[in-house]
Each structure stands twice: as structure tokens, then as C-alpha cells.
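Colleague: how would this look folded up:
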Amino acid sequence: MPTPVWRLIIDGPVRGAMNMALDRAVLDLHALGTAPPTLRLYRWEVPTVSIGRFQPVEQVDLVACERRGFDVVRRPTGGRGVLHDDELTYCMVAGTGDGVPRGVAASYRHLSAALAEAYALLGVPAQVTARSRGEKGAGACYLHATPADLSLGAAKLSGSAQVWKDDAVLQHGCFVISRDVAAEAEVFRLDASRRSALDETTATLEGALGAAPSIETIAEAVAAAVERVLGVTLDPGSFSDEERELALAGVAEHAVATAPRRA
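Modeller: A predicted model of the protein is given here:
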């Protein structure tokens, strides 16, 4: 049988709401059979807080985000809030017809194996988190680990989130190079104990390696790992006109206003 071919899209920095709208457009059109299975790697034009699909926006300090110049967006996927800054974000869109097993737990194991291999290629011995731990009620994603995440020893290294549409799944997450704990503590309203927990129970690529890898190095590792572990060939490509039009039409639904309301 021929090796399955996935599209590889490597984006430059994009504003937060458009990043989410592009991910969702690929999912919607893949579910319809008009977009190929895709690995998208991208960055953020400005630091951006993304909140989960069902997460209360009250768990984010919008005034602090406005003051810092951060975007705030609502993801199409679930989970808790994440501050995206010094990182490379990935999005994988594929379906059961592309070899992804049906069901949240099985699909996480399947796709996250490629992420663990990417970390290994970078020199970081990451493992899929064995069991849930941390603060379930915390608004910040990195204070709670689930079996959908990757860990370095006892420290959470990165998280992932999913949404399904028919037989297609979108999974995205991030490879964090460094983190601004003070900014995260402020935007997620973390008290001193939770800020300390965030600092002590999370890991970054820079911390694990002793130096910050380049975005290009991380992207190469992710692409190589996806090909090796998922048994696919990545073909560099770009968004179709249909995907761009759908994203532009849906960008507003992902944007969260940060400016305080006037009386």
C-alpha cells in the first residue's frame, strides 16, 4: 500500500483569532472531504491567551491582558487557559480514514506518540502523562495534567486539546520554549501558592536542554516524528482559497474582547 500523504503547513506569526479560525476551517473541510489530513505548525503575532471551548471567561483577567497587549481567544477545543508566547504550536487534523483510531483516549495515545518522539529527537525524554494530577479547578492549563499531556518526570511539559467533527479530529498543543510565569500568574489570577506550583511543576524546552532550541529545529523534529511514528509522508503546502474564506468568515467567533466595558 502507498504511504499516506499529509499536507504540511508552516506558518509565520498570525493573530490569535485567525490562528483558531484556520485550525477550525481545516477541520470542517477535512470532515467534508475537501481538505487533506494536515500538520500545521505556527506561531502567534502577539502573546495570546487561549481559553477552552467551555471555559468561563471570568477565569481570565481581561484588564491585565489589555494592559499587557495580549490577545484573548476562545479555542474550538476544550481544556483550560494557556498563555501562548515563546513556543511553536502544532495542529493535526486527520480522521478515522487516515488511520486515527476513533475515540478521545485512543486518538490522544495515537497522535501523542508522535509528539513524544519529537521531544526525543530534540533530546528531551518526554512521556505521555500516566494519570491525571494537579488542580482540576484551576483556570490555567499548566496547573493540571491529564493523560492527553506530555510530562518530563513529574513536571508537565505540554498539553493538547481536541475537538471532533464527524469522523475527523483536530488536536493542537504547543512546544514551549520558555514561559513568563509572572504574566501567567497575573492573567489567570493565581495566588502565591498557585504561582509557586506553576513554576515548580512545569517544564520547558529551554529548561530541559539548558538552551533554547530554534523554531526551525523544533519544526524539523515535529515533522520528522510525525512521518516516522504515524507512517505518513508530509507534503509542504498551503491553505486553499476555500479554507481561507471559511477562516475569515469565522474569525470573529474566536475573538474575546479585552477592553473594559464602558458604562
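Colleague: what pLDDT does residue 153 get?
Modeller: pLDDT, the model's per-residue confidence, is 84 for residue 153.
Colleague: so what's it up against?
Modeller: residue 203 (C-beta atoms under 8 Å, 6 or more residues apart in numbering). Any C-beta I mention is one placed from the backbone N, CA and C, and that applies to glycine too.
Colleague: max-length helix in this structure?
Modeller: Longest helix in the chain, counting residues (DSSP state H): helix 104-122.
Colleague: helix/strand/coil for the closest residue to residue 114 other than its chain neighbours?
Modeller: Excluding the flanking residues, the one nearest residue 114 by C-beta to C-beta, 6 or more residues apart in numbering is residue 229, at 4.1 Å. Assigned by DSSP: H, G, I helix; E, B strand; the rest coil, the conformation of residue 229 is helix.
Colleague: packing partners of the longest helix of the chain?
Modeller: strand 87-95, strand 127-128, strand 150-152, strand 160-165, strand 168-176, helix 215-230 (3 or more C-beta pairs under 8 Å, 6 or more residues apart in numbering; DSSP states H and E).
Colleague: try it again at 6 Å.
Modeller: helix 215-230 (3 or more C-beta pairs under 6 Å, 6 or more residues apart in numbering; DSSP states H and E).
Colleague: for the very next helix or strand once past the helix it packs on, what is the distance to the chain centroid?
Modeller: Proceeding N to C from helix 215-230, the next assigned helix or strand is strand 233-236, under DSSP states H and E. Centroid separation between strand 233-236 and its chain, computed with C-alpha atoms, centre = their mean, to the nearest Å, is 20 Å.
Colleague: gap between the helix or strand that strand 233-236 is followed by and the chain center?
Modeller: Per DSSP H and E, the first helix or strand lying C-terminal to strand 233-236 is helix 241-250. Chain-centre distance of helix 241-250: 20 Å, with C-alpha atoms, centre = their mean.
Colleague: show me what helix 241-250 is packed against.
Modeller: Using 3+ C-beta pairs under 6 Å, 6+ apart: helix 241-250 touches helix 16-32.
Colleague: quick one, what contacts the nearest residue to residue 92 once chain neighbours are set aside?
Modeller: Spatial nearest neighbour of residue 92, chain neighbours left out: residue 171 (5.0 Å); criterion: C-beta to C-beta, 6+ apart. Residue 171 makes contact with 92, 111, 160, 162 under the criterion C-beta atoms under 6 Å, 6 or more residues apart in numbering.
Colleague: okay, who's weakest in these by pLDDT?
Modeller: Lowest pLDDT among these: residue 160, 90.
Colleague: contacts only, for residue 204.
Modeller: Contacts for residue 204 (C-beta under 6 Å, 6+ apart) come out as 176, 178-179.
Colleague: again, 7 Å this time
Modeller: Residue 204 makes contact with 176-179 under the criterion C-beta atoms under 7 Å, 6 or more residues apart in numbering.
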